[in-house]
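Engineer: Here's my sequence, what's the structure:
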Amino acid sequence: MFHGLLILISILSITVLSVSIFRRLGLGTVLGFLVGGMIVGPIGLDLLPHSHTTEVLGEFGLLFLLFIIGLDFRLSRLKKMKRALWGLGSSEFFIVGGIFLAIGLAIGLTTEQAIIVGFSLALSSTAMDLQLLTEREELGTNFGRATLGTLLFQDLMAVPLLALLPLLADNSGNISIDIGRAFLEGTALIAFVYVFAKKITPFILRNVAKTKSPEAFTIASIVLVLVMCAATNYIGLPMSLGAFLAGMMLAESRYRHQIETDLLPFKSLLLGLFFVVLGTTLDLELLIKYPSYILGSVFVLVALKLLLVFLISKSVMKLRTKESFKTALLLAQGGEFALAVFQLALVEFKILPAEIGQGLMLVILVSMITTPILYKIAEMLEKRGKLFPHKMDTLPDVGLTVSNHVIIGGFGRVGQTIAHMLSKLGIPYTAIDMEPDRVVEGRNLGYPVFYGDITRYDMLRTVGAERASVAVIALDKVSVVKKTVNSLTEHFPHIKIFARARNHFESESLKNHGVTATMPETIESSLQLGRVVLDAVGIEKDRIFGLVGDLRLNDYEELYKIIENSQSPKKPALTSKARHKKMHIALTSMFSKSQKKPEEKKKAIAKKIHKKKPTKKKVKKVN
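Structural biologist: Alright, predicted model coming up:
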């Protein structure tokens, strides 16, 4: 028992360490779980040897992984993501799947094997891609939505693909009929899930919810999942398909948020369980035996999917080059649904030979490992300007063609607003920004915005700073603003510098640094809010504008006095040494007081009594 406990502690500790390192490196938690599994598995420390127990754990982890994916899949999303779903998603699945099917037939696979292998390799990792996009807060971007739409379509196609396995294993009918039947079964199952989710599931969960027992509600949700798994298994379909359909069913109910909340503590644990066990099953002996085949297959898979998805994204979704590349990079690997299909085709339905099935699973796993690494490398190259560099061929001529103009540093919301105002009045200006997407969007809208680093002296010369009259620094980071101010004041002292500031203290710091005037955002927003409030309570507009104008006089002097009084500086905190010294003095004083001799105490008490003067009562004389 004690030995088993030590092994469990070791496995968990190694996994935590691996996940922490890979998360710190920006490579995602999924890769950390996989590497952790490899370390504790047979190819590493052999703390978790391959056995029937690990197989059961793997199957259990796979069921709950597909359930979680199903829970994130909502049929209501299909309407909102039509273009990404039916355009990019369907094109990617059928084109990529068809090409891999043809490759499978060319290398000697049977038609049944080629269909399973080809369309399974078209699937990507929903768990890994969602994790990467969520960790980097990129789900709301154009390429994030395109990736999500493609993943949704792939998950949808996994239903007929899993339903196709028992039909192909039977090997007694026409393949075209089997494929048609699988699609019909898949469509019927999805329709059943939709009806069940709308009519029956709410009735069951509503009655359980009336008990006001969170435990009963969670257990009822798990029972529904197990019932769906058992039902699909009973009709001859894989249990993993039942888990995915159960997730879809609960995702469509009004209790979805409560179920997600109840399962949130277990979500990462179950995902981790699946990928750790997956790491332990990684057969490196096969990689050592056939290195050129395995690594060559990984290269073909990733490179071909990268190229095809890139071209489809550009042509179907009309994404920009960088967005198409990022979408392709996220979808270039194999996925967990492919692992599920290969596992079932290998073990349960005997469609694939052992060596081919194990080899394909290894290819999928290695491709999943490469994705976060490649994505991280792409991010680093993009930041350094070596990936998709933006042309600045028109920039050197800007300073020669304009004079007495305004330079805007930063083309975010503040910079765009100022640029729009200057454009309205026909005042010449040039904007500089380090964010390539903003530059492209601004150029498309007709704004003279260029890619560059406003803090650099040569960039300021290029935009004609020696002939400019005003510079507006609309950047967030104070350190960058101060660096820009240094360049301007040192080389172009004639320019008036204006900058944004978050508050009064930041404003004062920038003024001391050489900024002509600042716009403290908190104070200005407070004045605007106060103006609206005064207008709402019926004050005349002349009085309101007069009051706001008075408060703006002398650079908000009156408001600054109020702020300084209300935010008086606190006493500095004592150092550790000072605290110990203060405590020592206090304890010494208390100790010395308690150690007074009895005679001294008596004298002290007598002295106090002696000092007290008796109060004389006034007696009222009666005549």
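Engineer: Every contact and neighbour count from this point should use C-alpha atoms.
Structural biologist: Will do.
Engineer: just how off-centre is the host helix or strand of Leu12 within its chain?
Structural biologist: Assessed by DSSP states H and E, Leu12 sits inside helix 2-24. Here helix 2-24 is found 25 Å from its chain centre; the criterion is CA atoms, centre = their mean, to the nearest Å.
Engineer: name the helices or strands packed onto that helix?
Structural biologist: On a contact count with 3 or more CA pairs under 8 Å, 6 or more residues apart in numbering; DSSP states H and E, helix 2-24 meets helix 29-40.
Engineer: Give me the packing partners of the helix it packs on, helices and strands only.
Structural biologist: Short answer (3+ CA pairs under 8 Å, 6+ apart): helix 29-40 packs on helix 2-24, helix 126-135, helix 256-280, helix 354-383.
Engineer: Can you add mean pLDDT and give those helices back as CSV?
Structural biologist: Listed next are the helices and strands packed on helix 29-40 as CSV, based on pLDDT from 0 to 100:
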stretch, mean pLDDT
helix 2-24, 80
helix 126-135, 78
helix 256-280, 71
helix 354-383, 83
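Engineer: got JSON lines for the ones you listed, with distance to Ala536 and mean neighbour count too?
Structural biologist: Putting those into JSON lines (distance: least, CA to CA, whole Å; neighbours: other CA atoms under 10 Å) gives the following:
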{"stretch": "helix 2-24", "distance to Ala536": "51", "mean neighbour count": "15"}
{"stretch": "helix 126-135", "distance to Ala536": "42", "mean neighbour count": "20"}
{"stretch": "helix 256-280", "distance to Ala536": "39", "mean neighbour count": "19"}
{"stretch": "helix 354-383", "distance to Ala536": "48", "mean neighbour count": "19"}
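Engineer: Leu105 is nearest to which of the ones you listed?
Structural biologist: Leu105 sits nearest to helix 354-383 of all these, at 13.9 Å, using CA to CA.
Engineer: Now do the closest one against helix 126-135, angle only.
Structural biologist: Relative orientation of helix 354-383 versus helix 126-135 (axes from the mean of the first three to the mean of the last three CA atoms, to 10 degrees): 10 degrees.
Engineer: what's the angle from helix 354-383 to helix 29-40?
Structural biologist: Angle, helix 354-383 to helix 29-40, by the same axes, to 10 degrees: 130 degrees.
Engineer: Which parts of the protein are strands?
Structural biologist: 406-409, 429-433, 449-451, 470-473, 496-501, 517-520 (DSSP state E).
Engineer: May I see these organised as CSV, with mean pLDDT added?
Structural biologist: Formatted as CSV, the strands of the chain follow (pLDDT from 0 to 100):
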stretch, mean pLDDT
strand 406-409, 92
strand 429-433, 89
strand 449-451, 82
strand 470-473, 92
strand 496-501, 88
strand 517-520, 80
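Engineer: that older thread, dump the helices and strands packed on helix 29-40 to JSON lines, plus distance to Gly335.
Structural biologist: Below are the helices and strands packed on helix 29-40 laid out as JSON lines (distance: least, CA to CA, whole Å):
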{"stretch": "helix 2-24", "distance to Gly335": "20"}
{"stretch": "helix 126-135", "distance to Gly335": "7"}
{"stretch": "helix 256-280", "distance to Gly335": "12"}
{"stretch": "helix 354-383", "distance to Gly335": "7"}
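Engineer: Which among the ones you listed is found nearest to Tyr290?
Structural biologist: Among those, the nearest to Tyr290 by CA to CA is helix 354-383 (9.1 Å).
Engineer: chain center to that closest one: distance?
Structural biologist: Mean-position distance between helix 354-383 and its chain equals 20 Å (CA atoms, centre = their mean).
Engineer: Which neighbouring elements make contact with it?
Structural biologist: Using 3+ CA pairs under 8 Å, 6+ apart as the test, helix 354-383 ends up in contact with helix 29-40, helix 291-312, helix 321-331, helix 336-343.
Engineer: Which one, of those, ends up nearest to Gly549?
Structural biologist: Closest approach to Gly549 among these is made by helix 321-331 (46.8 Å; CA to CA).
Engineer: ok, back up a step: closest to Phe192 out of the strands of the chain?
Structural biologist: Between the strands of the chain, strand 429-433 lies closest to Phe192; by CA to CA that is 52.6 Å.
Engineer: Could I have the CA atoms of the closest one written out in CSV?
Structural biologist: In CSV, the C-alpha atoms belonging to strand 429-433 read as follows (Å, rounded to 0.1, in the frame of the first residue of the first chain):
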residue,chain,number,x,y,z
TYR,A,429,-0.4,63.5,-40.4
THR,A,430,1.5,60.2,-40.4
ALA,A,431,0.7,57.3,-38.0
ILE,A,432,3.2,54.6,-36.9
ASP,A,433,2.3,51.3,-35.2
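Engineer: So that it lines up with my notes, have the first residue be 4 from now on.
Structural biologist: In the new numbering, first residue 4, that becomes strand 432-436.
Engineer: Within the sheet, what are the partner strands of it, with directions?
Structural biologist: Applying DSSP bridges to the sheet, strand 432-436 is found paired with strand 409-412 (parallel), strand 452-454 (parallel).
Engineer: Including mean neighbour count and distance to Ile476, could those strands go into TSV?
Structural biologist: TSV is the format used below for the strands paired with strand 432-436 (neighbours: other CA atoms under 10 Å; distance: least, CA to CA, whole Å):
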stretch	mean neighbour count	distance to Ile476
strand 409-412	26	5
strand 452-454	25	14
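Engineer: could you dump these to JSON lines with distance to Arg27?
Structural biologist: Listed next are the strands paired with strand 432-436 as JSON lines, based on distance: least, CA to CA, whole Å:
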{"stretch": "strand 409-412", "distance to Arg27": "32"}
{"stretch": "strand 452-454", "distance to Arg27": "30"}
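Engineer: which one of those strands lies closest to Thr18?
Structural biologist: Among the strands paired with strand 432-436, strand 452-454 comes nearest to Thr18, with 42.8 Å by CA to CA.
Engineer: If anything else comes up later, I'll come back, but that's it for now.
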